[in-house]
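Undergrad: Generate coordinates for the sequence data below:
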Amino acid sequence: MAELTFQTEAEKRFTPFLDELLGTSREKIHSVQVTGSALTEDYDPKRSDINSVVVLKEMDLKFLRVLAPLGKKYGKKGVAAPLIMTQDYIRASLDVFPVEFLNIHWVHRTLFGDNPFAEIEVKPSDLRQQCERELKVRLIGMRQNYLSASGDLKILAEGFVKAFSGYIPLFRGILFLLGQGIPPAGMAAVLAGMEDKTGQSMETFREILAARQGKKKFSMDELHLLFENCYTTVETLGRMIDEIPV
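TA: Next up is the predicted model:
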C-alpha cells in the first residue's frame, strides 16, 4: 500500500477538533486515528467527510456528552462524528466487523496515543461471511432504492452515489479474501484490483464514482441500465464469495 498522507485541507479542518477533544478529555483517551479518504488522493473538501476513531481507555458515556456539541461546530467543516470504542471492544468485535476493522487497519494514521490497529487479525471465515452478507444487503438496498425512487431521476441517482462509499471497504475485504494481500487505498485502484481478481467489469462503479465526483450526470435511460448492471455485478460477486472455501 502506498504511503498514506493526511491531505492538507483535511488536516487543517481536523486539527482544531482534535485539539479541542484533547483539551477537554485527554486523560480519558487512549488514542485517536484518522481513517478513510482523508488519507488518500480521493479526498475532496467539497464532498468528503473526515472520518476518525477515538479509542477510550474505558467506555464513558459522559464523554459522549462532551463530544456531542462538537458535532454541530465541526460537522460544517466535514468532520464526521468519530467512531467511539475501547480496546476491549476492538478485541471482542473482530469476528463481527472484520471488514470495518481491516479497513481501519489498512487505511489509518494515529494522531494521538498508541496504535491499537497496528496488529489485528481476523478469521477468513468471519470475513467471508460478512462480505457475503454485505453483498446481499446491497442487493436488497438496490431493489428498495429503485422502487422507492418511483422513477424520480434525482432520487435514483443520489441513491447510487450515497451507496458508493460503502462498496470500497467491502471490495477491499473481498480483495483480501481473494489473496490480494494488502489492498490499495485509492478508490480507482480498488476497482482495478476487483476487475483483475474477479474478472468482473467495474465500469458501472467507475461511472458512479464519476457522478460522486461531480464529473457525470445520468439520464433516466442510463440509470435504468446502471441499476441492471450494478445489480448483476453484485449478484455475481455474491455467488463468487459464497464458493470460496475457508
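
Undergrad: Could you list the buried residues of the helix-or-strand element of the chain with minimal mean pLDDT?
TA: Counting by mean pLDDT, DSSP states H and E, the chain has its least confident helix or strand at helix 61-75, which shows a mean of 92. Across helix 61-75, burial judged by 16 or more other C-beta atoms under 10 Å covers 63, 67, 70, 74. Backbone N, C-alpha and C define where each C-beta goes, glycine included.

Undergrad: now do stretch 184-197
TA: 184-187, 189-191, 193-194, 197.

Undergrad: Just the ones in helices from those residues, please.
TA: Among the buried residues of stretch 184-197, DSSP state H puts 187, 189-191, 193-194, 197 in helices.

Undergrad: could the residues you listed go into CSV alongside pLDDT and distance to residue 210?
TA: Converted to CSV, those look like this (pLDDT from 0 to 100; distance: C-beta to C-beta, whole Å):
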residue, pLDDT, distance to residue 210
187, 96, 11
189, 96, 16
190, 97, 15
191, 97, 11
193, 97, 18
194, 97, 16
197, 96, 22
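
Undergrad: Which single one of the residues you listed is nearest to residue 139?
TA: Of all those, residue 139 sits closest to residue 194, with 16.9 Å by C-beta to C-beta.

Undergrad: Name the nearest of the buried residues of stretch 184-197 relative to residue 209.
TA: residue 187 (6.0 Å).

Undergrad: Excluding residues flanking it in the chain, which one is nearest the closest one?
TA: Computed as C-beta to C-beta, 6 or more residues apart in numbering, the closest residue to residue 187 that is not its neighbour in sequence is residue 42, at 5.0 Å.

Undergrad: Could I get the CA-only coordinates of stretch 198-207 as PDB?
TA: This file holds the C-alpha atoms of stretch 198-207, laid out as PDB (Å, rounded to 0.1, in the frame of the first residue of the first chain):
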ATOM      1  CA  THR A 198     -12.800 -11.300 -10.000                       C
ATOM      2  CA  GLY A 199     -12.900 -10.900 -13.800                       C
ATOM      3  CA  GLN A 200     -16.000  -8.700 -13.400                       C
ATOM      4  CA  SER A 201     -16.200  -5.400 -15.100                       C
ATOM      5  CA  MET A 202     -16.200  -2.500 -12.600                       C
ATOM      6  CA  GLU A 203     -17.200   0.100 -15.300                       C
ATOM      7  CA  THR A 204     -20.600   0.600 -13.600                       C
ATOM      8  CA  PHE A 205     -18.900   1.600 -10.400                       C
ATOM      9  CA  ARG A 206     -16.500   3.900 -12.200                       C
ATOM     10  CA  GLU A 207     -19.500   5.700 -13.600                       C
END
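
Undergrad: give the contact list for the closest residue to residue 153 other than its chain neighbours.
TA: Nearest residue to residue 153, sequence neighbours excluded (C-beta to C-beta, 6+ apart): residue 220, at 5.1 Å. By C-beta atoms under 8 Å, 6 or more residues apart in numbering, the residues touching residue 220 are 151, 153, 156.

Undergrad: Can you name the next helix or strand after the helix or strand residue 104 falls within?
TA: Counting by DSSP states H and E, the element that carries residue 104 is helix 98-106. Using DSSP H and E, the helix or strand that follows helix 98-106 in sequence is strand 108-113.

Undergrad: Need the contact partners of that next one.
TA: By C-beta under 8 Å, 6+ apart, strand 108-113 touches 4, 6, 18, 22, 29-35, 39, 53, 55, 117.

Undergrad: and which of these is nearest residue 145?
TA: Of the contacts of strand 108-113, the one sitting nearest to residue 145 (C-beta to C-beta) turns out to be residue 35, at 26.4 Å.
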